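Engineer: I'll drop the sequence and a predicted model, then ask my questions.
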Amino acid sequence: MHGLRLFGLGLALAWLLIDQATKWWILEYAMKPPEALRIAPFFNLVLGWNRGVSFGLWGGHELPPWTLALLSGSIATSLLVWLFRTDNRLVATGVALIVGGAFGNVLDRLRHGAVTDFLDFHLWGWHWPAFNMADVGVVCGAALLILESFVHQRRVAA
């Protein structure tokens, strides 16, 4: 179990560093000056500032950045308890990705007052709100936890 904790903490830290490194690159190099960079017919790099919750939800409401940072940080800290208690590698991986992503966005809110978003996908008239690598970690981590719940149900049923 000790090894699984170290694995989870290491993955959370690695994802936090990936998130912060990509945001740094976007802010310091790719978006000087800020513009949309077309990478593929369905993908652009853009510079956006999310002052709301995930994917811009509640963006119209002016909450102080520290409020959302405190909420996200509290949830991520609670998830660390789950990480320390699990003996399941898939759960540890999912939770670690969520924790790393959550703390990446917390750092943005504390440093910039908003979350830096830059990945912009669109296809067949459909356009997803811009997001970042922290969001990728949160979504992939949640998907792993959902997958594990199905795997666990099958094990219990068998």
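Structural biologist: Good, I have the coordinates.

Engineer: what about the helix or strand harbouring residue 6, average pLDDT?
Structural biologist: Taking DSSP states H and E as the criterion, residue 6 maps to helix 2-25. Averaged over helix 2-25, pLDDT sits at 96.

Engineer: ditto for stretch 112-127
Structural biologist: Mean predicted lDDT for stretch 112-127 stands at 94.

Engineer: Would you pull up how far it lies from the middle of the chain?
Structural biologist: 13 Å (Cα atoms, centre = their mean, to the nearest Å).

Engineer: Flag every buried residue along that stretch.
Structural biologist: 114, 115, 116, 117, 118, 119, 120 (16 or more other Cβ atoms under 10 Å). Any C-beta I mention is one placed from the backbone N, CA and C, and that applies to glycine too.

Engineer: repeat for stretch 81-96
Structural biologist: Applying a neighbour-count criterion of 16+ other Cβ under 10 Å, one finds 82, 83, 86, 91, 92, 93, 94, 95, 96 buried in stretch 81-96.

Engineer: cool, stretch 14-27 as well?
Structural biologist: Neighbour counts over stretch 14-27 (16+ other Cβ under 10 Å) mark 15, 16, 18, 19, 20, 22, 23, 26 as buried.
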